[in-house]
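1. only geometry, no sequence info:
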């Protein structure tokens, strides 16, 4: 099966501009996640979609970030207006089933290669 | 505060040698612990997933251990190969948080010929 695809692989923009990142999950995967790694830091969770609904958006840093997943297929993450501290690598991941937590539930996430964002 | 700490930060070993990477976490309540391998310019790839009831899991030359009492995990790599050069990331999931994973900063492993 095709993996998780992210576009663009690298984007360089100026502060104040807008950037839209796209993620195409593995076909049939209900769950889609966005993560971010800023330089020198660990990867951090941004949000989680189940189909087209936002299940958890507790990691979104502020209202300059807008994520959508219309139709429950691909997702976009828009940053508007971009700030210097938004620079980093944005990862998308997907997994097959939606589980209601559970003691031993553990879904396998497949990650994309990431979109590197550089804000100048 | 939920945290995952990994050591060492970086490691250089010779091809064919074994090595062990460490992970300590403070995530509570705990659901599962994962080890990922991330090659440069690529996304993380899952190596193992362990729940609190599992204390060891293997994937080829990779063996992960988990001590849920002390909140420690290790990843042992046997007979290292040049292709093992990568960052190894320990990731912990709290109970009920399916995607809100807590990542460590990773250990950068370099395998030299």
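-> Happy to help now that I have it. Note that the structure is predicted; figures quoted are calculated from it, not measured.
2. switch to C-alpha atoms for all contacts and neighbour counts from now on
-> Noted.
3. what does chain B have sitting close to chain A?
-> B:31-32, B:41-46, B:49, B:51-52, B:95-106 (C-alpha under 8 Å from any C-alpha of the partner chain).
4. which helix or strand in chain A has the lowest average pLDDT?
-> Least confident element among the helices and strands of chain A, by mean pLDDT, DSSP states H and E: strand A:53-56 (a mean of 92).
5. and the helix or strand just after that strand with chain B, contact?
-> Note on strand A:53-56: by DSSP states H and E, the next helix or strand toward the C-terminus is strand A:65-68. No - Strand A:65-68 stays clear of chain B (C-alpha under 8 Å from any C-alpha), getting no nearer than 15.3 Å.
6. which other helices and strands contact strand A:65-68?
-> Where contact means 3 or more C-alpha pairs under 8 Å, 6 or more residues apart in numbering or on different chains; DSSP states H and E, strand A:65-68 is packed against strand A:75-79.
7. what strands line up against the strand it packs on, and which way round?
-> Its sheet considered, strand A:75-79 pairs with strand A:19-24 (antiparallel), strand A:65-68 (antiparallel) by DSSP bridges.
8. what's the spacing between the very next helix or strand once past the first one and its chain's center?
-> To tie it back to what came earlier, the one meant is strand A:19-24. For strand A:19-24, the following helix or strand on the C-terminal side (DSSP H and E) is strand A:31-37. Counting by C-alpha atoms, centre = their mean, to the nearest Å, strand A:31-37 is centred 4 Å from the centre of its parent chain.
9. report the angle between strand A:31-37 and strand A:19-24.
-> 140 degrees (axes from the mean of the first three to the mean of the last three C-alpha atoms, to 10 degrees).
10. pairing partners for strand A:31-37, with directions?
-> strand A:44-50 (antiparallel), strand A:88-95 (antiparallel).
11. return the most buried member of the ones you listed.
-> Among the strands paired with strand A:31-37, ranked by average contacts under mean count of other C-alpha atoms under 10 Å in any protein chain shown, first place goes to strand A:88-95 (a mean of 26).
12. same list (the strands paired with strand A:75-79) but as TSV, adding mean neighbour count and mean pLDDT.
-> Output for the strands paired with strand A:75-79, formatted as TSV (neighbours: other C-alpha atoms under 10 Å in any protein chain shown; pLDDT from 0 to 100):
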stretch	mean neighbour count	mean pLDDT
strand A:19-24	21	98
strand A:65-68	17	97
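13. tell me which of those strands lies nearest to residue B:89.
-> strand A:19-24 (22.2 Å; C-alpha to C-alpha).
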